[in-house]
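1. what follows is a predicted structure for the sequence shown.
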Amino acid sequence: MIEKLEFENKEIDIEELPKLEDLKFNRVEKNYLLVLLLRIIIFGLIFNGIGAFFYFTKTMGIPSEVIQYILLAINSLFALRVILTILSFKIRAYAIRERDISYQRGLIVFKQTTVSVNRMQHVELTQSLLMKLFNLSTVKIYTAGGSQSDISIAGINKEKGEEIKDLLSEKLSQHA
């Protein structure tokens, strides 16, 4: 005997959905701002070194004034990057709930990503050289169908990152 299946597709009242604004977001570590600024400074020094090389050696035949304007433009962009990094740093935050994890970032383009635990494939904890110096880590969360992480939360204390990785890995094993 064939059993009759009933199909329901009830409308959801959007006003009754939980609000992400009500979620308590945890900020990344304050010394991660120093890591971000150090990266910008290192790249700035490299570009200025290259510009100084061309300025003093005149190997490319570019007039000195042109190199000065190029360096001024590059340094203006680096200064703008520093300002945007400082302003956007206050927005970087993450929240973990029973069934999902959310991460927000961005100033000019604000982005908030939420990934459900049942969509997660695996969790990874990484540290760059600069991050190791400040005892910071990055928690990367991968979902099905992607080769890159869907959420990458940088600037978390290494011990806290390991706790988050263990918590999410445990939740993954429960949903497997």
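-> The structure has been received and is ready for your questions.
2. alpha carbons only for contacts and neighbour counts from here, please
-> Fine.
3. output the below-cut-off pLDDT ranges for the chain.
-> 1, 18-21, 146-149, 175-176 (pLDDT under 70).
4. so what's D150 closest to, chain neighbours aside?
-> Distance criterion Cα to Cα, 6 or more residues apart in numbering; nearest residue to D150, sequence neighbours excluded, is Y142 at 5.4 Å.
5. so which strand or helix has the one you found?
-> In this assignment (DSSP states H and E), Y142 forms part of strand 136-143.
6. please save the CA atoms from that strand in PDB.
-> Taking Å, rounded to 0.1, in the frame of the first residue of the first chain, the C-alpha atoms of strand 136-143 are listed here in PDB:
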ATOM      1  CA  LEU A 136      47.400  34.800  17.800                       C
ATOM      2  CA  SER A 137      45.700  32.300  15.400                       C
ATOM      3  CA  THR A 138      43.200  32.100  12.600                       C
ATOM      4  CA  VAL A 139      40.200  29.800  12.800                       C
ATOM      5  CA  LYS A 140      39.200  28.600   9.300                       C
ATOM      6  CA  ILE A 141      35.800  27.000   8.800                       C
ATOM      7  CA  TYR A 142      35.200  25.000   5.600                       C
ATOM      8  CA  THR A 143      31.900  24.000   4.200                       C
END
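7. so how far is it off the chain centroid?
-> Offset of strand 136-143 from its chain centre (Cα atoms, centre = their mean, to the nearest Å): 9 Å.
8. next SSE downstream of that strand?
-> strand 151-157.
9. tell me the angle of the helix or strand that that following strand is followed by relative to strand 151-157?
-> As assigned by DSSP H and E, the chain's next helix or strand after strand 151-157 is helix 158-175. On the basis of axes from the mean of the first three to the mean of the last three Cα atoms, to 10 degrees, helix 158-175 is oriented at 140 degrees to strand 151-157.
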